[in-house]
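S.K.: need coordinates for the below:
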Amino acid sequence: MKKHFFIVLFCWAGAFSLLTAQDTIVFKKGEIKACKITQIKAGELTCKDFSYLEGPDYVYQLKEIREIRFPNGEVQTFNISNDSEPTEMEKMNKVSGEKIRNVTQDSWTPPISFKTYKEKENYYKDQLYFPKFGDPYQPWVAGIASYLIPGLGQITCGEVGRGFAFMGGAAASFFVFMIGVLGSSGYYNDYYIHYIKLLHK
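M.R.: Okay, here's the model as predicted:
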């Protein structure tokens, strides 16, 4: 039983270290990318997509990057100016029919697409959550679903990968528990059978 427990524990430790061993690139446009950085040289950064480390190398210009977050918690910030970008915050005139409004960089939020939950977690870290119309996050639905089946609440919120991770953890814990129950029941059954045989002698 101890052998099985240590095997399961070792597998979970390896999976956790794999999930945390990623670099996060935050671009100036607001996009976030989880990757494994392989090389940083003059003006360029070479990396691999963390979801497919055997895939091709991606090369980005350092002037497009705002900061890099490393797995050990260190954050490296880049203040390289881009010649194609304005040096000062400029107002843009957006024309729609007869309506003209001034839009600045602080008055709107660029759309961000997240590939993994880790990217979403890094972006919304230490920020309050405000529900919006059509939002898939329903706390009461997720709570009831997770109470019935661990991980089902995350799946209903759109976090499928995280939900299956919770399901896997619950299944592994139940598997270890059943090994212990079967082992202990077998031990006690053998003990009592031997004890009864001694009484009948």
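S.K.: list the pairing partners of the lengthiest strand in the chain within its sheet, with orientation.
M.R.: The strand that spans the most residues within the chain, counting by DSSP state E, is strand 32-41. With DSSP bridges as the test, strand 32-41 is paired with strand 23-27 (antiparallel), strand 44-49 (antiparallel).
S.K.: now the shortest one: buried residues?
M.R.: Within strand 23-27, the residues that count as buried by 16 or more other CB atoms under 10 Å are 23-26. For the C-beta atoms, the positions are set from N, CA and C on the backbone; glycine is no exception.
S.K.: mind exporting it as PDB, just the C-alpha atoms?
M.R.: Provided in PDB are the C-alpha atoms of strand 23-27 (Å, rounded to 0.1, in the frame of the first residue of the first chain):
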ATOM      1  CA  ASP A  23       7.600  31.200 -18.800                       C
ATOM      2  CA  THR A  24       4.900  33.800 -19.400                       C
ATOM      3  CA  ILE A  25       5.300  36.600 -22.000                       C
ATOM      4  CA  VAL A  26       3.200  39.700 -21.600                       C
ATOM      5  CA  PHE A  27       3.100  41.800 -24.900                       C
END
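S.K.: could you number the chain from 31 rather than 1 from now on?
M.R.: Let's use 31 as the start, then, which means that last one is strand 53-57.
S.K.: which residues does it contact?
M.R.: 62-67, 75, 77, 80, 90, 94-101, 148-149, 152 (CB atoms under 8 Å, 6 or more residues apart in numbering).
S.K.: how many other residues sit next to residue 86?
M.R.: By other CB atoms under 10 Å, the residues close to residue 86 number 8.
S.K.: which parts of this protein are strands?
M.R.: Along the chain, counting by DSSP E, strands occupy 53-57, 62-71, 74-79, 87-91, 95-99, 105-107, 122-126, 129-133.
S.K.: with respect to residue 143, which of those lies nearest?
M.R.: Across these, residue 143 has its closest neighbour in strand 62-71 (9.3 Å, CB to CB).
S.K.: hey, C-alpha coordinates of that closest one in PDB?
M.R.: Presented in PDB, the C-alpha positions along strand 62-71 are these (Å, rounded to 0.1, in the frame of the first residue of the first chain):
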ATOM      1  CA  ILE A  62      -0.300  36.800 -22.900                       C
ATOM      2  CA  LYS A  63       1.600  33.700 -24.100                       C
ATOM      3  CA  ALA A  64       2.700  30.700 -22.000                       C
ATOM      4  CA  CYS A  65       5.900  29.300 -23.500                       C
ATOM      5  CA  LYS A  66       9.400  27.900 -22.800                       C
ATOM      6  CA  ILE A  67      12.100  30.500 -23.600                       C
ATOM      7  CA  THR A  68      15.100  28.900 -25.300                       C
ATOM      8  CA  GLN A  69      17.200  32.000 -26.200                       C
ATOM      9  CA  ILE A  70      17.300  35.700 -25.700                       C
ATOM     10  CA  LYS A  71      19.700  37.700 -27.900                       C
END
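S.K.: buried residues in stretch 63-72?
M.R.: Quick answer for stretch 63-72 (16+ other CB under 10 Å): 63-65, 67.
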